[in-house]
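Q: sequence below, structure please.
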Amino acid sequence: MRRLSMLGVAALITAGSILTAPAATADETTFHPVRTCADLVRTYDVPGAVTHVKTATVIPATATEPENCDVRGYVEPAVRFQLRLPTKTYAGRYLQFGCGGFCGAVATPPFADCGLPHGGDLAVAATDDGHVGKTPLVFDDGKWAENNQAARDDFAFRAPHVVSTASKRLITAFYGAPPKKSYFSGCSDGGREALLLAQRYPHDFDGIVAGAPAGYWGPLIGAYQTWLAKVNTGADGNPILTAAKLPALHAAAVSSCDSVDGLTDGAIDDPRSCRFDPATIACQPGTDNAACLTAAQVEATKKIYATPTDERGRKLYPGGQTVGTELAWYGWTLPAPELGDVPAAFGLADNYLKYMAYPIGTRHSSVEKFGFTAREFDRLTPESVRSNAMSTDLREFRRSGGKLVIWHGWADQAIPPAGTIDYYQRLTHANGGPAATRNWARLFMVPGLYHCGNGDKLTEYDPLKELVSWVERGAAPEKTIATGRDADGKALRTRPVFPYPLQAKYDGSGSIDDAANFVPVPPSRPSQDIVNWAGNDLYGKAGPVAP
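A: You can find the predicted model right below:
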């Protein structure tokens, strides 16, 4: 349980997993540098993104990575970045990674494996989003935003765009030509950045992967994470539901819903079909052990599954925890000693409400002070619209030929998947309906996957290779693959993930752990994906853009 939750929290920092690109063809063009790596060290007068390269160093090839020019610098005023340029194997593609949490650190961007011993490598970049987070957990530090509007702007919307502009200028300088195709991939806050780029900077990238997007930023961090931080805290300040109870709770939850999809496989394909009541494992009067929940724990668990509401019963976020997420509550909703006994939800919410949620110079709040009222929700809006990625007007991205892949784990303990489905449904309504939208934007829902990766049965998912194929070969993704691995990296299960709303159904023959034995089927009954909630008017409010 500890390993699972730590990986989930670490995903906030790295904002993505190691990506696998499609196999390169033998005749794929390789671009060679037209200047030395060291020549890149200088200032570049890029309009709106003055760029200072401080170091540029040739890094020798390893068994897993190509020789590359490691470029480090910043875009004014303080957007640090790292750009890695293959010196012998660059094939004309650029891939930029998103950040996680509140960012605050540059995570070294990994190279994608194109399947050949040489050729097909991408130039890759990452950024800290314009500020340096303080330890021990940089991803939930918000104090940098207390009185720094420029840093707020960089984090909210500017940094991913200006790093894209700067990177393309450096790629052109190094290879003598701009990238042929540009891609962005991010998860969590990186998923928010991904949607934001499609909405506000539609010409920056040809293809975008938005994983578990935190697009409803203000409501998510200000209201929903605050809810998670509060509902499991007793009057004595201690957690009500404890880590020792999670295995039994999870086992009961999965057992109650496992066979609903027609296959008993230890997983819940679509938790919306599940009606689990934690009271079914309530302790007998006078008893309390790891196999049952006390009356107080039953009530706390019900609140964790629920979504916060205001004084009139109106939802303050489109969804809550899904059945199947329970093991991942450790470290996120419940304290974990290795994280300083501060749950991630509390750390994010408290820092946000204290330093980031309201305009500079106005009254701030905290987890302790925040009230779940319409007034408190509305107080979040003026600042949150700057960071939100909720616009459904992606006409310019669509016209430019852009392709968008959105994905979310059904068992995400950090960002309820209902919000992503709500956004995609609204997107289809605003863009000509499901068939027309699928021509350029598709959603994939991954059963049992936690936040940005890991899970009980499936542990990794990455649709980048399908996106590249869609952009460059016109092959829309009809199927993607999720994989479950053990601690040694051995694949134990593969499952197909089809474009939403299609679901995977076992064809009745062969191993249930082999993706080849599943076929796409429509859901057994239509669902109402659009949620009526307090943020209904936020979809039409687009935030600012950088020049």
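
Q: domain assignment for this structure?
A: 21-215+390-500, 220-387+531-538 (automatic domain parsing).

Q: among those, which is the most enclosed?
A: Highest mean neighbour count among those (mean count of other Cβ atoms under 10 Å): domain 21-215+390-500, with a mean of 21. To be clear about C-beta, it is placed using only N, CA and C from the backbone, and glycine gets the same treatment.

Q: figure out how far that domain is from the centre of its chain.
A: Averaging C-alpha positions (Cα atoms, centre = their mean, to the nearest Å) puts domain 21-215+390-500 11 Å from its chain's average.

Q: could you give the mean pLDDT of it?
A: Domain 21-215+390-500 carries an average pLDDT of 94.

Q: quick one: the strands in the stretch 401-547 of the chain?
A: Using DSSP state E, counting those that start in this stretch, the strands of the stretch 401-547 of the chain run over 403-409, 441-446, 460-461, 480-485, 491-497, 503-506, 518-521.

Q: who wins for proximity to residue 46 among the ones you listed?
A: Comparison of the strands of the stretch 401-547 of the chain against residue 46 by Cβ to Cβ identifies strand 403-409 as nearest, at 26.1 Å.

Q: can you pull out the helices in the stretch 351-500 of the chain?
A: Remark: helices assigned in the stretch 351-500 of the chain by DSSP state H, counting those that start in this stretch are 374-387, 395-399, 417-430, 434-438, 464-473.

Q: still on that earlier bit, so which of the domains of the chain is nearest residue 515?
A: It is, among the domains of the chain and with distance given as Cβ to Cβ, domain 21-215+390-500, at 4.0 Å.

Q: what packs against the longest helix along the chain?
A: The longest helix of the chain (DSSP state H) is helix 159-175. Helix 159-175 sits against strand 43-44, strand 51-59, strand 68-75, strand 79-86, strand 90-97, strand 121-127, strand 181-187, helix 189-200, with contacts defined as 3 or more Cβ pairs under 8 Å, 6 or more residues apart in numbering; DSSP states H and E.

Q: I'd like the domains of the chain written out as TSV, with distance to residue 525 added.
A: Formatted as TSV, these follow (distance: least, Cβ to Cβ, whole Å):
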stretch	distance to residue 525
domain 21-215+390-500	15
domain 220-387+531-538	9
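
Q: list just the one of the ones you listed that sits closest to residue 519.
A: Nearest of the domains of the chain (Cβ to Cβ): domain 21-215+390-500, 8.4 Å.

Q: my read is residue 237 is in a strand, agree?
A: No - Residue 237: not assigned to a strand; according to DSSP: H, G, I helix; E, B strand; the rest coil it is coil.

Q: the stretch 201-350 of the chain: strands as residue ranges?
A: Under DSSP E, counting those that start in this stretch, the stretch 201-350 of the chain gives strands at 207-211.

Q: helices of that one, start to end?
A: Under DSSP H, counting those that start in this stretch, the stretch 201-350 of the chain gives helices at 217-218, 225-231, 246-257, 295-305, 344-351.

Q: got the angle between the last one and helix 189-200?
A: Translated: helix 344-351. 60 degrees (axes from the mean of the first three to the mean of the last three Cα atoms, to 10 degrees).

Q: just the CA atoms of helix 344-351, as CSV, please.
A: Provided in CSV are the C-alpha atoms of helix 344-351 (Å, rounded to 0.1, in the frame of the first residue of the first chain):
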residue,chain,number,x,y,z
ALA,A,344,-1.3,15.4,-0.2
ALA,A,345,-4.9,16.7,-0.4
PHE,A,346,-4.3,18.8,2.8
GLY,A,347,-0.9,20.1,1.6
LEU,A,348,-2.2,21.2,-1.8
ALA,A,349,-5.5,22.7,-0.5
ASP,A,350,-3.9,24.6,2.5
ASN,A,351,-1.1,26.1,0.4
